[in-house]
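Visitor: A structural model of the following input is requested.
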Amino acid sequence: MPHVEGNAHQVWSMMADIGFAMLVTHDGNGDHLRARPMSARPAEDENAVWFLTSVEAGKDDEIVRNANVCIAFADPGNNKYVSITGTGEVSNDRQKIRELWTMAAKAWWKDENDPSIRVLRVTPDYAEYWDSPGTTFSYVKMAVAAVTGGKPDLGENRKVDMKSSMR
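Guide: Purely as a prediction, here's the structure:
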């Protein structure tokens, strides 16, 4: 990982604010990457990003074959982005499933006792985030840079070693 300079708490805060992420896994053959949108539940105190998933969805098998995953959060309206690389682990922890259950999950399952629900834990290794003050501000900065020949300061872009932040 290149030079680490960011703040892990900032990463956790941005993930919580954005809420949805694209989960990227290696396909069944390991030849290709697959991304799908999922509702994320970041838990800084547990050093985990939690997801509810279905045993039929296929990502469980993909993670068993290759646990290296990426989760990408994006809030383009506010120019905030977070990319996490880490390790995924799928379990049938019924207590954790009950803890993570929300009314929104009813769109996928009848209730938290559905036997097809699994919990996916992503333990972050590294993160990179981009945090800008907003779209209008960024456009103004880019316009000024274009006129002056300078480079626009579009906010923070930092890399964070999430493993060392938990020590």
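Visitor: where does the protein dip in pLDDT?
Guide: 1-5, 134-154, 165-167 (pLDDT under 70).
Visitor: go through it and flag its longest strand.
Guide: strand 117-131 (DSSP state E).
Visitor: so which elements touch that one?
Guide: Strand 117-131 sits against helix 8-18, strand 48-54, helix 59-65, strand 80-91, helix 94-100, strand 156-161, with contacts defined as 3 or more Cβ pairs under 8 Å, 6 or more residues apart in numbering; DSSP states H and E. Just so you know, the C-beta spots here come from the backbone N, C-alpha and C atoms, and that holds for glycine as well.
Visitor: turn those into CSV, including mean neighbour count and distance to Ile117.
Guide: CSV is the format used below for the helices and strands packed on strand 117-131 (neighbours: other Cβ atoms under 10 Å; distance: least, Cβ to Cβ, whole Å):
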stretch, mean neighbour count, distance to Ile117
helix 8-18, 18, 22
strand 48-54, 20, 6
helix 59-65, 18, 11
strand 80-91, 19, 11
helix 94-100, 15, 5
strand 156-161, 17, 31
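Visitor: now the ones you listed in a markdown table, with distance to Pro37?
Guide: Output for these, formatted as a markdown table (distance: least, Cβ to Cβ, whole Å):
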| stretch | distance to Pro37 |
| --- | --- |
| helix 8-18 | 12 |
| strand 48-54 | 11 |
| helix 59-65 | 12 |
| strand 80-91 | 15 |
| helix 94-100 | 17 |
| strand 156-161 | 23 |
